[in-house]
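J.: Need the 3D shape of this:
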Amino acid sequence: MEFSLFFFADNASGGDNYRLLLESARFADAHGLSAVWTPERHFHAFGGRYPNPAVTGAAVAAVTERIAVRAGSVVAPLHHPLRIAEEWSVVDNLSGGRAGLSFASGWHAADFVLRPENYADRKALTAETVGTVRRLWRGEEVEFTDGAGELRPTRIFPAPVQPELPVWLTSAGSPETFRAAGGLRTGLLTHLLGQDPVALATNIAAYRQALPDGERGQVALMLHTMLGPDRDRIRDQVREPFGDYLRSSADLILRAAATLLPPDVDITKLPQRDRDFLIRHAFERYFSTAGLFGTVEDAVVTVEALRAIGVDEIACLIDFGVPHDEVLDSLKYLVALRDRVA
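T.: Numbers count the residues shown, from 1 in each chain. Next comes the predicted model:
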């Protein structure tokens with residue numbers, strides 16, 4: 001089992017907005033973790049410090065030497081494939097060949113103010129973009145329409161270091177997307193926000209059935225993570241910041257966790273008492289069954305269960321509001337976990 005770090009949502013203000021990202025990346029690099037993932041988020045305080053993973057990836061590349069630098073994820077329909085390939089080729093060069101991309105189709109109509117014409121066909125456009133970026137990465141010329149309306153063969157510069165781009169497809173739990181990842185021969189990046197481990201096991205099996213014979217692919221699972229020497233102390237450390245994190249994401253993370261509600265209920269319009277109840281319920285779900293919380297011994301049980309259903313990598317989301325120094329101090333327990341389950 002591999003372990004990586006995943007960043008998404010820290011809403012801390014002040015002059016150290018990226019301190020946790022860069023210091024954690026240095027730690028991960030020095031202690032043999034596999035990757036650092038940064039997302040693409042737009043127009044929302046929740047995750048809003050990560051509008052461009054190529055920019056944050058370049059920063060990670062500059063302060064590390066070994067660890068993979070990944071997008072988790074590029075929202076493909078919001079961008080021209082040439083731009084994606086160019087930006088990430090720069091990251092690949094800065095890192096000496098450590099770049100990797102997970103592509104997503106997008107989940108919020110509001111994000112598509114950048115490219116409103118692409119919202120309806122976003123899933124098909126994502127699959128098309130994966131193929132085009134791969135071709136450009138290999139050095140092929142691809143035809144695009146220029147300013148005069150003519151088709152112009154175009155290749156990217158600088159040329160990337162890696163001859164093949166490591167690629168994942170991001171899924172929130174749709175079996176269709178898992179099968180699509182197998183058909184595209186990509187890795188699979190997913191989470192437990194909208195699926196439980198039983199559904200995840202079924203989806204992973206569908207993904208691997210869709211891969212060509214003899215190929216296993218790679219499944220990375222994002223889990224909210226905080227480890228330490230005492231489970232009760234960890235619960236106390238994360239309860240308040242994780243509750244605030246869920247409140248700030250009422251239309252994102254909390255919506256996925258609110259399995260008690262019909263899908264047409266608007267969480268943001270519920271009375272405060274009902275929202276507080278949902279937050280308490282969601283916290284208990286994440287802490288007990290949908291995250292990596294507690295002691296190393298607790299986490300070993302979770303990791304082995306996930307390994308048994310086909311998970312290859314746990315992408316540990318660590319920036320959900322716990323003070324930065326406490327998060328950085330907890331990373332040594334993640335290394336201990338990695339060593340225990342190696």
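J.: Just the element for residue 36, please.
T.: Secondary structure assigned from DSSP states H and E places residue 36 in strand 35-38.
J.: What strands flank that strand, and is each parallel or antiparallel?
T.: strand 2-6 (parallel), strand 68-75 (parallel) (DSSP bridges).
J.: which residue packs closest to residue 310, ignoring adjacent ones?
T.: In this structure, residue 310 finds its nearest non-sequential neighbour in residue 204, 4.2 Å apart by Cβ to Cβ, 6 or more residues apart in numbering. C-beta here means a position set from N, CA and C on the backbone, and glycine is covered the same way.
J.: isn't there a helix covering the one you found?
T.: Yes: the assignment for residue 204 by DSSP: H, G, I helix; E, B strand; the rest coil puts it in a helix.
J.: That one: what's it in contact with?
T.: Contact partners of residue 204, counting by Cβ atoms under 8 Å, 6 or more residues apart in numbering, are 178, 188, 219, 309-311.
J.: same thing but 6 Å
T.: 219, 309-310 (Cβ atoms under 6 Å, 6 or more residues apart in numbering).
J.: what's the answer for residue 175, then?
T.: 203, 206.
J.: next one: phi and psi at it?
T.: phi -60, psi -30 (degrees, to the nearest 10).
J.: Doesn't residue 101 lie inside a helix?
T.: No: counting by three-state DSSP, residue 101 is not found in a helix; it is strand.
J.: sorry, back to before: what would the strands paired with strand 35-38 look like in CSV with mean pLDDT and mean neighbour count?
T.: Formatted as CSV, the strands paired with strand 35-38 follow (pLDDT from 0 to 100; neighbours: other Cβ atoms under 10 Å):
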stretch, mean pLDDT, mean neighbour count
strand 2-6, 98, 22
strand 68-75, 97, 27
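J.: now these in TSV, with distance to residue 158?
T.: Listed next are the strands paired with strand 35-38 as TSV, based on distance: least, Cβ to Cβ, whole Å:
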stretch	distance to residue 158
strand 2-6	26
strand 68-75	16
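J.: Out of those, the one nearest residue 118 is which?
T.: strand 68-75 (9.7 Å; Cβ to Cβ).
J.: Extract the C-alpha set from the helix or strand that residue 182 is a member of and format it as CSV.
T.: Applying DSSP H and E as the criterion places residue 182 in helix 175-184. Extracted C-alpha coordinates of helix 175-184, given in CSV (Å, rounded to 0.1, in the frame of the first residue of the first chain):
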residue,chain,number,x,y,z
PRO,A,175,-19.9,2.9,-11.7
GLU,A,176,-19.9,4.4,-15.2
THR,A,177,-16.8,6.5,-14.4
PHE,A,178,-15.0,3.5,-12.9
ARG,A,179,-15.7,1.5,-16.1
ALA,A,180,-14.7,4.5,-18.2
ALA,A,181,-11.3,4.7,-16.4
GLY,A,182,-10.7,1.0,-17.2
GLY,A,183,-11.6,1.6,-20.9
LEU,A,184,-9.2,4.6,-21.0
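J.: how would you label residue 125: helix, strand or coil?
T.: Quick answer, by three-state DSSP: residue 125 is helix.
J.: got the contact list for the nearest residue to it once chain neighbours are set aside?
T.: Closest residue to residue 125 apart from its sequence neighbours, by Cβ to Cβ, 6+ apart: residue 77 at 4.4 Å. By Cβ under 6 Å, 6+ apart, the contact list for residue 77 reads 106, 118, 122, 125.
J.: Am I right that the third one is in contact with residue 105?
T.: Yes: applying Cβ atoms under 6 Å as the test, residue 122 and residue 105 come out as touching, 4.4 Å apart.
J.: Looking at those two, which has the bigger crowd around it?
T.: residue 105 (26 against 20; other Cβ atoms under 10 Å).
J.: now the more buried one: how far from residue 297?
T.: As judged by Cβ to Cβ, to the nearest Å, residue 105 and residue 297 stand 38 Å apart.
J.: swap in residue 169?
T.: Residue 169 is 34 Å from residue 297, by Cβ to Cβ.
J.: Show me which of these two is the more surrounded one.
T.: residue 169 (27 against 11).
J.: Right, I'll leave it there.
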